[in-house]
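Asks: Everything below, folded, please.
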Amino acid sequence: MKPTDFSKSLTDFLSKYLPGERGMSPNTINSYKITFILFIGFVESQKKIRVNKLSLKDITKECINEFLEWLQRERKCSDSTRNVRLAAIHSFFSYLQYEAPENINEWQRILSIKVKKTKKRTMNYLTIEGIKLLLAQPDLSTKKGRRDLAMLALMYDSAARVQEVIDLTASNVRLTKPFTIKLVGKGNKARIVPLMDQQVMHLKYYMEKNHLLEPHANLYPLFYNSRKEKLTRAGVYYILQYYASAARKKDQKLIPEKISPHSLRHSKAMHLLQAGVNLVYIRDILGHESVQTTEVYARVDSKQKREAIEKAYADVVKREGPLWTNNDNLLEWLKNFQ
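Replies: Numbers count the residues shown, from 1 in each chain. Reported below is the predicted structural model:
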């Protein structure tokens with residue numbers, strides 16, 4: 001059976017363009033793949049077009065809008081999830097502008113579909129005291145405890161994304177001065193992040209005990225499970241939740257109810273900002289392409305400062321509202337206002 005133009009374009013997009021030209025991570029590519037699995041399911045069930053008959057000409061702006069509405073109506077997707085699916089679709093049709101320009105007018109109509117505005121999520125981060133409490137929980141007399149402390153401390157100290165930590169190998173760590181770690185982030189872009197002496201002490205001890213400093217271990221996962229396999233995202237999340245729960249029992253105020261591996265990244269960024277580190281340096285440590293992305297931390301810090309000031313505010317000014325608050329006739333006050 002001859003493949004359709006849709007199947008060929010989608011295959012090339014997912015298997016060649018995204019990993020090869022865009023350098024996207026396997027997680028992002030998998031998210032895009034899920035979007036198109038859902039789209040094919042929608043087309044087959046709602047449009048009655050079998051996937052082996054689906055052609056690019058069948059896909060219009062109206063079709064995509066119906067798909068997005070179907071996601072929210074039938075699958076109960078949130079606005080945020082709907083936007084994630086739309087981002088994958090936009091990426092595909094942006095690619096098609098160059099690969100199938102004969103339908104560029106329709107592709108641009110699809111690209112004009114707007115994302116839905118969503119409520120900005122509260123940025124969860126821990127105070128310095130909260131980080132200290134969290135990192136005091138692992139039992140250093142056990143192999144697992146040493147691994148968990150080394151990993152959680154490194155996640156905070158380097159402000160690494162969870163996938164960046166999972167993908168680390170022993171060769172990524174430099175244990176001679178200046179101490180650094182090489183992180184490979186979004187788009188396979190590498191960055192070198194400095195490590196502090198205290199962090200290196202924990203990391204070196206862990207690596208020595210697990211024979212990760214030996215030459216043959218260079219490409220071994222830095223953090224692995226009982227089967228010697230690198231940890232999964234779910235595994236890292238579970239480890240963090242385990243210690244966060246233990247820390248919360250000791251001081252509930254210091255550990256937020258909702259905490260994720262990204263919270264450690266947020267925490268480091270906020271602590272750097274509060275210590276007066278330039279946003280440009282923070283951008284480089286976080287691996288952001290633009291300092292505008294990093295500015296979100298400055299905005300959050302300003303908001304926190306304002307809330308703290310308001311909380312500590314002493315009411316020293318006599319409480320007198322404008323005269324019209326004691327006047328039932330606002331219109332009369334406005335007419336007499338000079």
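Asks: contacting residues around the most centrally placed residue in the chain?
Replies: Central residue of the chain (C-alpha atoms, centre = their mean): His262, 6.6 Å from the mean position. Taking C-beta atoms under 8 Å, 6 or more residues apart in numbering as the criterion, His262 is in contact with Arg161, Val162. For the C-beta atoms, the positions are set from N, CA and C on the backbone; glycine is no exception.
Asks: Grab the nearest non-local neighbour of Thr4.
Replies: Ser55 (5.3 Å; C-beta to C-beta, 6 or more residues apart in numbering).
Asks: how about the one you found, phi and psi?
Replies: Here is the backbone geometry of Ser55 (degrees, to the nearest 10): phi -120, psi 160.
Asks: Show the model's pLDDT score for it.
Replies: pLDDT for Ser55: 95.
Asks: List the contacts of it.
Replies: Shown in contact with Ser55 (C-beta under 8 Å, 6+ apart): Thr4, Asp5, Phe6.
Asks: List only buried entries from the residues you listed.
Replies: Thr4, Phe6 (16 or more other C-beta atoms under 10 Å).
Asks: Quick one: mean pLDDT over the helix or strand encompassing Leu272.
Replies: Using DSSP states H and E, Leu272 falls within helix 261-274. Helix 261-274 comes out with an average pLDDT of 88.
Asks: ok, now stretch 109-128?
Replies: Here the average pLDDT along stretch 109-128 is 86.
Asks: From one end of it to the other, what's the distance?
Replies: 49 Å (C-alpha to C-alpha, to the nearest Å).
Asks: next one: it to chain centre, how far?
Replies: Distance, stretch centre to chain centre, for stretch 109-128: 11 Å (C-alpha atoms, centre = their mean, to the nearest Å).
Asks: buried sites along that stretch?
Replies: Ile110, Leu111, Met123, Tyr125, Leu126.
Asks: wait, isn't the second one in contact with Phe92?
Replies: Spelled out, it's Leu111. No. Judged on C-beta atoms under 8 Å, Leu111 makes no contact with Phe92 at a distance of 10.1 Å.
Asks: Show me where the stretch 101-250 of the chain has its strands.
Replies: 173-174, 180-184, 190-194 (DSSP state E, counting those that start in this stretch).
Asks: These: which one's closest to Ala100?
Replies: strand 180-184 (32.5 Å; C-beta to C-beta).
Asks: can you give me the angle the closest one makes with strand 190-194?
Replies: 150 degrees (axes from the mean of the first three to the mean of the last three C-alpha atoms, to 10 degrees).
Asks: what's the nearest residue to Asp12 if we skip its chain neighbours?
Replies: Per C-beta to C-beta, 6+ apart, closest to Asp12 is Glu99, 7.5 Å.
Asks: The one you found: neighbour count?
Replies: Per other C-beta atoms under 10 Å, the neighbour tally for Glu99 reads 15.
Asks: How about Lys228?
Replies: When neighbours are counted by other C-beta under 10 Å, Lys228 registers 8.
Asks: what does Met270 give?
Replies: Neighbours of Met270 using other C-beta under 10 Å come to 21.
Asks: Quick check, it in contact with Tyr125.
Replies: Yes. At 4.9 Å, Met270 counts as touching Tyr125 under the criterion of C-beta under 8 Å.
Asks: what's the weakest-modelled helix or strand in this structure?
Replies: helix 291-311 (a mean of 53; mean pLDDT, DSSP states H and E).
Asks: quick one: the helices in the protein?
Replies: Shown for the chain, the helices assigned by DSSP state H span residues 5-12, 26-46, 61-74, 79-99, 104-111, 128-135, 143-158, 162-166, 197-209, 233-250, 261-274, 279-286, 291-311, 330-336.
Asks: Quick check: Ala150 vs Glu129, distance?
Replies: Noted for Ala150: a distance of 21 Å to Glu129, by C-beta to C-beta, to the nearest Å.
Asks: Neighbour count: these two, which is higher?
Replies: Between Ala150 and Glu129, counted using other C-beta under 10 Å, Ala150 has the larger neighbour count: 24 against 11.
Asks: what's the distance between that one and Pro138?
Replies: As judged by C-beta to C-beta, Ala150 and Pro138 stand 9 Å apart.
Asks: again with Ser158
Replies: 18 Å.
Asks: same deal with Arg227?
Replies: Counting by C-beta to C-beta - Arg227 and Pro138 are separated by 21 Å.
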